[in-house]
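Engineer: Take this sequence and fold it.
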Amino acid sequence: MISTAGSALGTRAAHRLAQTGFWPIEPGLTDAEFARIEHKYGFEFSDDHRAFLAAGLPTGSPPPEPGVFQSETPWSDWRNGDPVELRERLNWPVDGVLFDVGHGYWHDTWGERPNDQAEAISAARLKLSEVPRMVPIFSHRYLPAGRGTYGHPVLSMHQTDIIYYGPDLFDYIQQEFGGASLDIAPNWTPPAAVPFWRDFL
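Structural biologist: Numbering: from 1, shown residues only. Coordinates of the predicted model:
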């Protein structure tokens, strides 16, 4: 069952994105498409993320930068996208942590780090198989998976360099595309924060 508050939050975010006029927006994903995607990739969208994609599926590529080759859209094409690329995007947060493990990083809850680098990466991979799944919104901005959840801050994720990029999905869209400045009070505590990944914030 999708929460009313989560649905309202995602729908507001979708409408705000549409108002910017920056991106083509296709018809939203249907219940059948959500079921296929979630079964195929092994996760469930959060309520706000699901409502956002049900209201409209953003598409398109950013304006080209001079001298820079760009071949992909920053939006995940859950309807017609390449399954290999979608899996790479879903694996990006974990793969980024594993990259840093290969360069000396070790989470303090994982116990003693093996001396052998390959063993350390293998042990970290096992630990990371138990952490909440992160789902891409736009480029390397992510929300946690989880039916019945909503209101998590949007995280910008690049290896273990992880920061807040919006207190929730609507504010993230406003921040990324609406020209608003991200003004978070120093004592702000997110209303929801996903285990493990919040340790990097």
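Engineer: Could you please name the strands the helix or strand harbouring Met157 pairs with and the direction of each pair?
Structural biologist: In this assignment (DSSP states H and E), Met157 forms part of strand 154-158. Strand 154-158 sits in its sheet next to strand 141-144 (antiparallel), strand 161-166 (antiparallel), going by DSSP bridges.
Engineer: a markdown table for those strands, including mean neighbour count and distance to Trp197?
Structural biologist: Heads up, the C-betas are built off the backbone N, CA and C, glycines and all. Below are the strands paired with strand 154-158 laid out as a markdown table (neighbours: other C-beta atoms under 10 Å; distance: least, C-beta to C-beta, whole Å):
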| stretch | mean neighbour count | distance to Trp197 |
| --- | --- | --- |
| strand 141-144 | 25 | 7 |
| strand 161-166 | 18 | 6 |
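Engineer: Any chance of these in JSON lines with distance to Leu86 and mean pLDDT as columns?
Structural biologist: Output for the strands paired with strand 154-158, formatted as JSON lines (distance: least, C-beta to C-beta, whole Å; pLDDT from 0 to 100):
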{"stretch": "strand 141-144", "distance to Leu86": "13", "mean pLDDT": "97"}
{"stretch": "strand 161-166", "distance to Leu86": "21", "mean pLDDT": "91"}
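Engineer: okay if I get these as JSON lines plus distance to Tyr172?
Structural biologist: Converted to JSON lines, the strands paired with strand 154-158 look like this (distance: least, C-beta to C-beta, whole Å):
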{"stretch": "strand 141-144", "distance to Tyr172": "7"}
{"stretch": "strand 161-166", "distance to Tyr172": "3"}
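Engineer: closest to Arg113 out of those?
Structural biologist: strand 161-166 (20.1 Å; C-beta to C-beta).
Engineer: How far away from the center of its chain is the closest one?
Structural biologist: Distance, stretch centre to chain centre, for strand 161-166: 11 Å (C-alpha atoms, centre = their mean, to the nearest Å).
Engineer: Toward the C-terminus, what is the element adjacent to it?
Structural biologist: Using DSSP H and E, the helix or strand that follows strand 161-166 in sequence is helix 169-177.
Engineer: For the protein, which residue occupies the most central location?
Structural biologist: Tyr142 (1.5 Å; C-alpha atoms, centre = their mean).
Engineer: Over to the residue sitting furthest away from the middle of the chain. Which of the three states is it?
Structural biologist: Within the chain, the residue lying farthest from the chain centre (C-alpha atoms, centre = their mean) is Asn115, at 32.3 Å. Put simply, Asn115 is coil when judged by DSSP: H, G, I helix; E, B strand; the rest coil.
Engineer: Report the separation between it and Arg125.
Structural biologist: Separation of Asn115 from Arg125 (C-beta to C-beta, to the nearest Å): 17 Å.
Engineer: same deal with Gly28?
Structural biologist: If you go by C-beta to C-beta, the gap between Gly28 and Arg125 works out to 35 Å.
Engineer: Which one's more surrounded, the two?
Structural biologist: It is Gly28, of Gly28 and Arg125, that has more neighbours when counted by other C-beta atoms under 10 Å, with 18 against 14.
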